[in-house]
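Peer 1: Mind folding the following:
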Amino acid sequence: MAVVNPYKEAVEAVIEAGGEPLKACYQCGICTGICPWNLVTSFGVRRVIHQTQLGLIDFDNEEIWLCATCRACVQRCPRGVNIIDIMRALHRVIVDLGVGGVPDSLRITAKNIAATGNPLGEEPAKRADWANDLAIKKFTRGTEILYFPCCIPAYDSKVKRVAQATANILKKAGVDFGILGTEEKCCGEAIRKAGNESLFQSLAQSNIKAFTENRVKTIVVSSPHCYNSFKNEYPEFGGEFKVLHITQYLAELIDQGKLKPSKRVNKRVVYQDPCYLGRHNGIYDEPRKVLKSIPGLELVEFADSHENGLCCGGGGGRIWMETKKGERFSDIRVTQALELKADILAVSCPYCFLNFQDSVLTMDKADVIEIKDVAELVDEAT
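Peer 2: The predicted structure follows:
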């Protein structure tokens, strides 16, 4: 591709990089009106799209990197414009052609993933350390379920308890499952949205090879981002597998009578709909069904839940970028949870977990409200 100039070539480059939906936008402005950034700042996604349509986009504009790919705008767009594809295409032009600037934290994350297979830059040999002392077998041919925990529960000391709780539940339910450990790599969902298509495809091909060679048929994941990538993106590259988010699988086990939460959890709980589980994949009922199965648990709802839920701010690679204090969606959500007098803000996404945990700590509310994954609550109750 030729070097981009500020006019026609810029438009052609974005369209060639996957921004075809750019042609369908007629500038009604609904996307800007619905964007959660308008709760904290004056970001106008319509403005970025219009500048791109005119070939006047400034590739150094930091606004290009704000989109959290929450899909609220796509859901409301009267012409069905996939604005996420436009933003991803802008990122690809910047990454592939070297025009504009990639945020330093994202650049470091991409280097970590390329070098170690995970965004934290941790040693690949330690990927299964979260499972030490849990007696979890390695996945072998014939094993029913592959559990894929996601990089964050695998490596982050604050979040590994989510993977551990999930493994405990599966064992209690008598599920035949295993893990691939060092054979796994990052699913690549976030780095693809951040514009690094070649790295994503390399990760996808590596994981597909590992899954195929081990005869994996069904994958259970903790992360909605892994779910979306394995289910909706890997088939592009020949990766056809049955994929279940852990909340879907727990709901199935409860229906089959294989999982029976019996211990009381006397807590008032509000559930956060992750964008990549909810708006991206339409999964709203199963997490709530699981929570309602727990004796003593009182489930309350945010005023804007389900398809209208507020994003935590971690999608689109933003989990690896700094968000200024006062501009964090997660702070707003924690405040709303406190107003509901919830004891626990329940999540089913590692990105939500990290963002809400950070908000609780920086807001000095750790003694008032807890952040827990749905799997942790089920583990406590079984």
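Peer 1: Please count neighbours and contacts with C-alpha atoms only from this point.
Peer 2: OK.
Peer 1: quick one, longest helix in the protein?
Peer 2: In the chain, with assignment by DSSP state H, the single longest helix is helix 197-213.
Peer 1: Which is the succeeding secondary structure element to that one?
Peer 2: strand 218-221 (DSSP states H and E).
Peer 1: show me what contacts the spatially most central residue of the chain?
Peer 2: The centroid of the chain falls nearest to His225 when counting by C-alpha atoms, centre = their mean (3.6 Å). His225 is in contact with 187, 189-190, 276-277, counting by C-alpha atoms under 8 Å, 6 or more residues apart in numbering.
Peer 1: In strands only, show me those.
Peer 2: Among the contacts of His225, DSSP state E puts none in strands.
Peer 1: and which of these is nearest to Arg215?
Peer 2: For the contacts of His225, the residue nearest Arg215 by C-alpha to C-alpha is Cys187; the value is 18.0 Å.
Peer 1: how about the closest one, what does it touch?
Peer 2: Here Cys187 is in contact with 150, 200, 203-204, 207, 225-226, 229-230 (C-alpha under 8 Å, 6+ apart).
Peer 1: follow-up on the earlier one: avg pLDDT for the longest helix of the chain?
Peer 2: Averaged across helix 197-213, the pLDDT comes to 98.
Peer 1: buried ones in it?
Peer 2: 197, 199-201, 203-208, 210-212 (16 or more other C-alpha atoms under 10 Å).
Peer 1: Highest neighbour count among the contacts of His225?
Peer 2: Using other C-alpha atoms under 10 Å as the neighbour test, these are led by Cys187, with 30 neighbours.
Peer 1: What are the contacting residues of the helix or strand containing Leu338?
Peer 2: Per DSSP H and E, Leu338 falls inside helix 329-339. The contact list for helix 329-339 (C-alpha under 8 Å, 6+ apart) reads 36-37, 40, 270, 302, 310-313, 345, 355-356, 359-360, 363, 369.
Peer 1: Skip ahead from it and say which helix or strand is next.
Peer 2: strand 344-347.
Peer 1: Next SSE downstream of that following strand?
Peer 2: helix 350-362.
Peer 1: Report all helices and strands that the helix or strand of the chain with the lowest mean pLDDT contacts.
Peer 2: Taking mean pLDDT, DSSP states H and E as the measure, the helix or strand of the chain with the lowest value is helix 8-16, at a mean of 83. Judged by 3 or more C-alpha pairs under 8 Å, 6 or more residues apart in numbering; DSSP states H and E, helix 8-16 is in contact with helix 45-53, helix 83-97.
Peer 1: looking at these, which one has the lowest mean pLDDT?
Peer 2: helix 45-53 (a mean of 89).
Peer 1: quick one: buried residues of that one?
Peer 2: Buried residues in helix 45-53 (16+ other C-alpha under 10 Å): 45-50, 52-53.
Peer 1: tell me the angle it makes with helix 8-16.
Peer 2: Interaxial angle, helix 45-53 versus helix 8-16 (axes from the mean of the first three to the mean of the last three C-alpha atoms, to 10 degrees): 120 degrees.
Peer 1: quick one, what contacts the residue lying closest to Phe200 once chain neighbours are set aside?
Peer 2: Spatial nearest neighbour of Phe200, chain neighbours left out: Gly188 (4.9 Å); criterion: C-alpha to C-alpha, 6 or more residues apart in numbering. Residues near Gly188 by C-alpha under 8 Å, 6+ apart: 199-201, 203-204, 229.
Peer 1: which of the contacts of helix 329-339 lies closest to Leu170?
Peer 2: Leu345 (23.0 Å).
Peer 1: Give the bridge partners for that closest one, please.
Peer 2: In this entry, Leu345 is beta-bridged to Val270, Ile371, by DSSP bridges.
Peer 1: Around it, count how many other residues there are.
Peer 2: Neighbours of Leu345 using other C-alpha under 10 Å come to 23.
Peer 1: still on that earlier bit, and the residue nearest to Phe200, what pLDDT?
Peer 2: 98.
Peer 1: Report how many residues lie close to Tyr271.
Peer 2: Neighbours around Tyr271, by other C-alpha under 10 Å: 24.
Peer 1: Now do the same for it: its pLDDT.
Peer 2: Reported pLDDT for Tyr271: 98.
Peer 1: dump the residue contacts of it.
Peer 2: 288, 299-302, 345-347.
Peer 1: ok, so what distance separates it from His306?
Peer 2: 10 Å (C-alpha to C-alpha, to the nearest Å).
Peer 1: Leaving aside the residues adjacent along the chain, what's closest to Asp60?
Peer 2: Gly100 (4.3 Å).
Peer 1: actually Tyr284, not the one I wrote
Peer 2: Gly278 (5.7 Å).
Peer 1: rewinding a little: wait, which of the buried residues of helix 45-53 is closest to Cys67?
Peer 2: For these, the nearest to Cys67 is Val45 (8.1 Å; C-alpha to C-alpha).
Peer 1: so that closest one touches Thr32, yeah?
Peer 2: Yes: contact criterion C-alpha atoms under 8 Å: Val45 and Thr32 qualify, at 5.4 Å.
Peer 1: ok, the contacts of His225 vs Glu63, which is closest?
Peer 2: Ala190 (17.5 Å).
Peer 1: residues contacting that closest one?
Peer 2: Ala190 neighbours (C-alpha under 8 Å, 6+ apart): 225, 315-317.
Peer 1: any idea what sits nearest Gln51, other than its immediate chain neighbours?
Peer 2: Per C-alpha to C-alpha, 6+ apart, closest to Gln51 is Ile57, 4.9 Å.
Peer 1: Next: Phe230.
Peer 2: Val243 (6.9 Å).
Peer 1: Strands of the stretch 151-300 of the chain, residue ranges please.
Peer 2: 177-178, 218-221, 242-245, 268-271, 298-300 (DSSP state E, counting those that start in this stretch).
Peer 1: Going by contacts, tell me the helices and strands next to the second one.
Peer 2: In terms of contacts (3+ C-alpha pairs under 8 Å, 6+ apart), strand 218-221 is packed against strand 145-148, strand 242-245, helix 246-255.
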